[in-house]
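>>> Fold the following and give me the result.
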Amino acid sequence: MNTNQFFTKKPFIITIASTKGGSAKSTNAANIGAFCADHGLKTLLIDTDTQPTLSAYFALDYVAPGGIHEFLTYQDVDPAHIISKTTLPNLDLIQSNDPTNNVSQMLRNAPDGAIRFSFLLKKLKGYDVIIVDTRGTRDITVDMSVLAADLLFCPILPHILSAKEFLRGTIGMYQELQTFEAFGFSLPPLKAVPNCVDHTNDVKFVLSQLKQLFEQNLSADKTLLDFHIPDKVAYREAATYSLPVYRHSKAEYAVIQALCMHLLPQFAHQFEQGLGGHNA
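Below is the predicted model of the structure:
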């Protein structure tokens with residue numbers, strides 16, 4: 001399938017963020033990215049976490065000598081230097097290669113620190129979708145990823161402490177970043193999704209509280225989708241085999257399809273096409 005040239009000129013950027021670790025940001029990034037790529041969209045994954053879970057998710061056909069360190073520190077935008085190729089057609093990756101967190105220190109000392117990422121992403125050509133995975137704590141690399149995004153996607157674990165941390169950390173970060181609006185930045189809309197949801201009464205209570213919180217306390221640009229990602233072993237198994245979950249378990253195809261429809265409705269036509277031999 002040929003990608004829509006209108007979107008290749010300006011990729012749609014999704015940043016996946018949560019200031020609480022363990023909310024399956026990297027798993028979501030891998031599954032959304034693979035689903036987009038499998039449906040004909042040229043897709044780039046960018047791993048900004050010092051714990052490079054996303055970088056290790058898929059097998060690679062080509063391993064670039066550099067990654068996020070060279071991209072941000074030296075502003076190297078040569079695809080051969082910084083962009084690795086996964087074994088999935090249409091799915092590329094900028095690996096995390098900054099285990100000692102030197103990039104964060106550099107950005108904090110740079111006059112353009114929080115906005116450099118936005119500038120550099122505009123130099124990456126030929127992608128329909130860019131998905132940015134972030135670390136599970138507040139950091140300048142998370143700030144820069146939010147400022148560069150067209151959409152902020154927040155998976156929330158259905159636990160009361162996770163819900164409280166989402167309010168304190170993620171929403172607090174979003175509100176603090178609103179100061180950049182005075183300099184011409186527009187903060188992306190936020191879409192949250194309960195992740196790893198089971199059918200216990202405790203989880204049902206937390207979900208009802210989250211829904212009430214969004215409706216009564218948060219502005220219209222922050223929405224809790226009427227949708228959830230289930231707590232199933234298939235997601236962990238798929239990661240073990242370096243596969244998108246919908247390829248490992250056909251039952252999860254509809255889940256990832258619905259998630260991508262919610263996040264990227266402009267590509268709904270592609271997502272409805274199926275996967276040929278991999279279709280559910």
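>>> can you give me the strands in this protein?
Listed in chain order, the strands of the chain (DSSP state E) span 12-16, 43-47, 60-62, 84-86, 91-94, 129-133, 151-156, 190-197, 222-224, 229-230.
>>> ok, the second one: who's next to it in the sheet?
Here the strand partners of strand 43-47, with direction, are listed using DSSP bridges: strand 91-94 (parallel), strand 129-133 (parallel).
>>> Kindly report the same for the fourth one.
Applying DSSP bridges to the sheet, strand 84-86 is found paired with strand 60-62 (antiparallel), strand 91-94 (antiparallel).
>>> Which positions in that strand come out as buried?
Within strand 84-86, the residues scored as buried using 16 or more other Cβ atoms under 10 Å are 84-86. Where C-beta positions appear, they are placed from N, C-alpha and C, glycine not excepted.
>>> between those, which is closest to Ile16?
Proximity of the buried residues of strand 84-86 to Ile16 was ranked by Cβ to Cβ; the top entry is Thr86 with 17.4 Å.
>>> what's the closest one in contact with, if anything?
Residues in contact with Thr86 (Cβ atoms under 8 Å, 6 or more residues apart in numbering) are 45, 58-61, 92-93.
>>> Let's have those residues in JSON lines, adding pLDDT, neighbour count and distance to Val142.
Rendered in JSON lines, the data for the contacts of Thr86 read as follows (pLDDT from 0 to 100; neighbours: other Cβ atoms under 10 Å; distance: Cβ to Cβ, whole Å):
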{"residue": "Leu45", "pLDDT": "98", "neighbour count": "29", "distance to Val142": "16"}
{"residue": "Phe58", "pLDDT": "98", "neighbour count": "22", "distance to Val142": "23"}
{"residue": "Ala59", "pLDDT": "97", "neighbour count": "10", "distance to Val142": "28"}
{"residue": "Leu60", "pLDDT": "97", "neighbour count": "16", "distance to Val142": "25"}
{"residue": "Asp61", "pLDDT": "97", "neighbour count": "12", "distance to Val142": "30"}
{"residue": "Asp92", "pLDDT": "98", "neighbour count": "26", "distance to Val142": "22"}
{"residue": "Leu93", "pLDDT": "98", "neighbour count": "28", "distance to Val142": "19"}
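>>> and stretch 23-31, how far out from the chain's middle?
Using Cα atoms, centre = their mean, to the nearest Å, we find the averaged C-alpha position of stretch 23-31 to lie 7 Å away from the chain's own average C-alpha position.
>>> go on, stretch 218-229?
In terms of Cα atoms, centre = their mean, the centre of stretch 218-229 is set 16 Å apart from its chain centre.
>>> Quote the end-to-end distance of that stretch.
With Cα to Cα, to the nearest Å applied, stretch 218-229 spans 22 Å between its terminal residues.
>>> Show the average pLDDT along that stretch.
On average, the pLDDT along stretch 218-229 is 94.
>>> I'd like the strands of the chain as a markdown table, with distance to Gly184 appended.
Conversion of the strands of the chain to a markdown table gives the following (distance: least, Cβ to Cβ, whole Å):
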| stretch | distance to Gly184 |
| --- | --- |
| strand 12-16 | 17 |
| strand 43-47 | 23 |
| strand 60-62 | 37 |
| strand 84-86 | 33 |
| strand 91-94 | 26 |
| strand 129-133 | 20 |
| strand 151-156 | 18 |
| strand 190-197 | 20 |
| strand 222-224 | 21 |
| strand 229-230 | 35 |
